[in-house]
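In: below: sequence and its predicted model.
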Amino acid sequence: MSNRLTSVIIVTTGKGGHIWPCVESVRAQTYSAIEIIIIDNSADADFGRLLNRQYPFIKVYSSLNNLFYCQALNKGIEISRGDFILCLNDDVTLEKNFIEEASRGFTICKRIGMVSGKILRTDRNTIDSAGLFLTLWRTAKERGYGRVNKGQFERQEYVFGVSGAAAFYRKEMLEDILQGGEYFDSSFRMFYEDLDVAWRAQNSGWRGFYMPGAIAYHVRGATARRPKGINKKYARLHLSDELNLHLIKNRYMAILKNESAVDFVLHLPCILLYDAAMWGYIIFFRPRVMKSLFLNLSLLKSALKERRSISP
């Protein structure tokens with residue numbers, strides 16, 4: 001697919017200066033057929049003008065309001081021209097052959113709609129993700145998360161989905177699983193949006209594939225966590241009450257939208273066990289989240305309505 005255009009969509013809030021090395025790593029790619037799109041979520045007109053001055057050859061879409069991650073990606077895909085879409089957090093940098101290596105995964109089979117590379121932390125010694133998987137607890141699991149990189153996960157193989165930090169998609173797949181006019185469910189805002197897309201895709205007969213030669217580096221939590229929680233385990237401990245709310249409701253929404261009745265019954269003991277531990281933490285340490293979730297119950301109801309739009 002050397003002549004097939006890849007659209008790289010980078011969502012940024014302008015914090016931490018991460019956008020600059022991210023863009024430069026995309027510009028340095030050995031794969032030449034690339035367009036770069038930056039979705040500026042900073043709500044800072046000066047920052048938007050700075051991006052335009054620095055990169056006049058890049059499409060920059062600046063919003064006066066924070067579109068959050070999902071809506072920002074939808075806007076980027078809407079204005080993109082590529083046959084393939086690489087969605088990047090601004091705290092990710094790529095090895096120069098990332099797109100060249102990852103794109104080879106799409107040639108394995110026409111039903112491969114998602115490709116994951118090997119994502120490491122910026123210490124280049126810790127694994128951040130070697131593919132996304134759906135657990136027995138019906139949570140999203142980044143394979144290898146937080147483990148020391150000792151050369152494991154070096155085999156090309158099928159995976160359930162791809163990490164939202166560096167998610168490579170076939171545009172045809174995204175169009176096929178379009179739901180309510182959206183590629184990413186904007187009611188998720190952030191968290192679990194990558195699992196929701198992967199689950200919808202799997203239910204529609206698409207596959208995910210892992211290419212270990214495609215290497216990227218990620219500052220885990222740089223745009224969402226408190227500073228002391230960057231690159232640490234147990235994300236929930238380092239998130240605000242508002243983000244904890246999204247983490248909880250989005251898991252429930254992903255289950256309601258995508259899980260079959262049979263699989264739900266089979267996994268119910270694991271789901272209940274996980275929920276008991278999670279709600280124990282919320283009740284004792286984040287009680288305000290309970291009230292917020294109650295106020296957002298309408299979103300869970302809407303998830304039930306949407307589940308029929310993708311045939312299992």
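Out: Good, I have the coordinates. As the structure is a prediction and not an experimental result, all values here were calculated from the model.

In: mind listing what the closest residue to residue 67 other than its chain neighbours touches?
Out: Nearest non-adjacent residue to residue 67, counting by CB to CB, 6 or more residues apart in numbering: residue 41, 5.7 Å away. In short, each C-beta sits where N, CA and C put it, glycine included. By CB atoms under 8 Å, 6 or more residues apart in numbering, the contact set of residue 41 is 11-14, 63, 66-68, 72.

In: of those residues, which one scores lowest on pLDDT?
Out: Least confident entry in the contacts of residue 41, by pLDDT: residue 66, with 83.

In: tell me the bridge partners for residue 93.
Out: Counting by DSSP bridges, residue 93 is bridged to residue 217.

In: tally of neighbours for it?
Out: Neighbourhood size, residue 93 [other CB atoms under 10 Å]: 22.

In: before we move on, what about residue 134?
Out: 21.

In: can you check residue 123 too?
Out: Counted with other CB under 10 Å, residue 123 comes out at 10.

In: C-terminal to the helix or strand hosting residue 74, what's the next element?
Out: Assigned by DSSP states H and E, residue 74 belongs to helix 68-79. If you walk from helix 68-79 toward the C-terminus, the next helix or strand you reach (DSSP H and E) is strand 84-89.

In: give the pairing partners of that next one; include direction for each.
Out: Checking strand 84-89 against DSSP bridges gives partners strand 6-12 (parallel), strand 166-170 (antiparallel).

In: dump those to a markdown table, plus mean neighbour count and distance to residue 276.
Out: Formatted as a markdown table, the strands paired with strand 84-89 follow (neighbours: other CB atoms under 10 Å; distance: least, CB to CB, whole Å):
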| stretch | mean neighbour count | distance to residue 276 |
| --- | --- | --- |
| strand 6-12 | 25 | 34 |
| strand 166-170 | 26 | 31 |
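
In: possible to save those strands as CSV with distance to residue 200?
Out: Output for the strands paired with strand 84-89, formatted as CSV (distance: least, CB to CB, whole Å):
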stretch, distance to residue 200
strand 6-12, 19
strand 166-170, 12
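
In: residue 82 is nearest to which of those?
Out: strand 6-12 (3.3 Å; CB to CB).

In: that closest one to helix 68-79, inter-axis angle?
Out: Relative orientation of strand 6-12 and helix 68-79, computed by axes from the mean of the first three to the mean of the last three CA atoms, to 10 degrees: 150 degrees.
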